[in-house]
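Q: Mind folding the following:
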Amino acid sequence: MTRRVATITLNPAYDLVGLCPSIEAGEVNLVKTASLNAGGKGVNVGKVLRDLGIDITVSGFMGKDNQEEFQHFFSENGMANRFTMVAGRTRINVKLTENNGKSTDFNFSGFDVSKEDWNRFATESLNWLGHFDMVVVSGSLPNGIDPEEFTRWMTRLRQLCPCIIFDSSREALKAGLKASPWLVKPNRQELETWVGRKLPELNDVIAAAHELRDKGISHVVISLGEEGALWVNASGSWLAKPPHCEVVSTVGAGDSMVAGLAYGLLNGESSEHTLRMATAISALSVSQPDVGLKNRNKLADMMSKIEMKLL
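A: Numbering: from 1, shown residues only. Got it, this is the predicted structure:
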């Protein structure tokens, strides 16, 4: 049976990815540009899921003035496009990776979303999103969207499609969590911000994850950087740790993990298998300049190298 997933990216971006031996503030830095890609968190999730054979519909907001590369990207990758066009330009995000693996981001501002734009998107999207097996909502809120309006939209969306995966940060994360989505994927720092305290030990992270579960969130996946990824649900807690990988770009690494989680859950895989696969897809993504699953054989090999622990 064909599985259908919709991804919502309210604030997409063109990702300009570069390699720089080291960044010196106040100096001229020579950058080797690796790629300029149509992206944004939900778009990246959609790309990986398409590579895994899932039917994808993408939606959100997009600036009218520089939409061409996005349109080409969606057509080339067989994604159904239901983005709402708004006046202005979609933003550009610049990510520079140094030889030591450290990444520095410069995220530019983009279009503004008017109240009319938001009302049109909210009404139209809720008319068609209920037909999907899963909806992935990820990324930041563009200028003009009231976080409380976003919470109300997320709450209505959950009534239509219970299987919502949510991945965001800052104000969007706080607003989205109030709607109690099915699965959330904060990183450690974002989880610390939400609970209002430091989480120095793994047991502290697990306890905070259960606080989210007490809010009606079934699955909590926490990105722990080099420590791996932690998944807490009703069945238990699993920690997945990838091997060391040479870093070309971290763009889309978290989104690739979200795609792996979505794929495993769609196919009824166990939590352990799903987290192993999602961690392997994320690990492979950092070794390439753009987002996507290039080689299924490499995925199988990487999955065998993931250290799994039931906590």
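Q: Residue 213 is in contact with residue 233, correct?
A: Yes - applying CB atoms under 8 Å, one finds residue 233 in contact with residue 213, separated by 7.5 Å. Where you see a C-beta, it was placed from the backbone N, CA and C, and this is true even at glycine.
Q: shared neighbours of those two, anything?
A: residue 220 (CB atoms under 8 Å, 6 or more residues apart in numbering).
Q: Quick check: phi and psi at residue 179.
A: phi -90, psi 0 (degrees, to the nearest 10).
Q: That one: neighbour count?
A: By other CB atoms under 10 Å, 22 other residues sit near residue 179.
Q: What of residue 235?
A: Quick note: residue 235 (other CB under 10 Å) scores 12 neighbours.
Q: Quick one: residues contacting it.
A: With contacts defined as CB under 8 Å, 6+ apart, residue 235 is in contact with residue 271.
Q: Then residue 20?
A: Contacts for residue 20 (CB under 8 Å, 6+ apart) come out as 29-32, 96-98.
Q: ok, now with 7 Å
A: 29, 31, 96, 98 (CB atoms under 7 Å, 6 or more residues apart in numbering).
Q: What about the residues you listed, which are in strands?
A: Counting by DSSP state E, the part of the contacts of residue 20 found in strands is residue 96.
Q: so can I have JSON lines of the contacts of residue 20 showing pLDDT and neighbour count?
A: Output for the contacts of residue 20, formatted as JSON lines (pLDDT from 0 to 100; neighbours: other CB atoms under 10 Å):
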{"residue": "29", "pLDDT": "89", "neighbour count": "14"}
{"residue": "31", "pLDDT": "89", "neighbour count": "15"}
{"residue": "96", "pLDDT": "88", "neighbour count": "20"}
{"residue": "98", "pLDDT": "84", "neighbour count": "15"}
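Q: Near the closest residue to residue 219 other than its chain neighbours, how many other residues are there?
A: Among residues not flanking residue 219 along the chain, residue 183 sits closest, at 3.9 Å (CB to CB, 6 or more residues apart in numbering). For residue 183, the neighbour count with other CB under 10 Å is 22.
Q: which residues of the stretch 101-250 of the chain fall in helices?
A: When secondary structure is read from DSSP state H, counting those that start in this stretch, the stretch 101-250 of the chain shows helices at 115-128, 147-160, 170-177, 188-195, 202-213.
Q: Tell me which of the ones you listed lies nearest to residue 256.
A: When these are compared for distance to residue 256 using CB to CB, the nearest one is helix 188-195, at 17.8 Å.
Q: distance between the closest one and the chain's centre?
A: 17 Å (CA atoms, centre = their mean, to the nearest Å).
Q: now the angle from that helix to helix 202-213?
A: If you take axes from the mean of the first three to the mean of the last three CA atoms, to 10 degrees, helix 188-195 sits at 50 degrees to helix 202-213.
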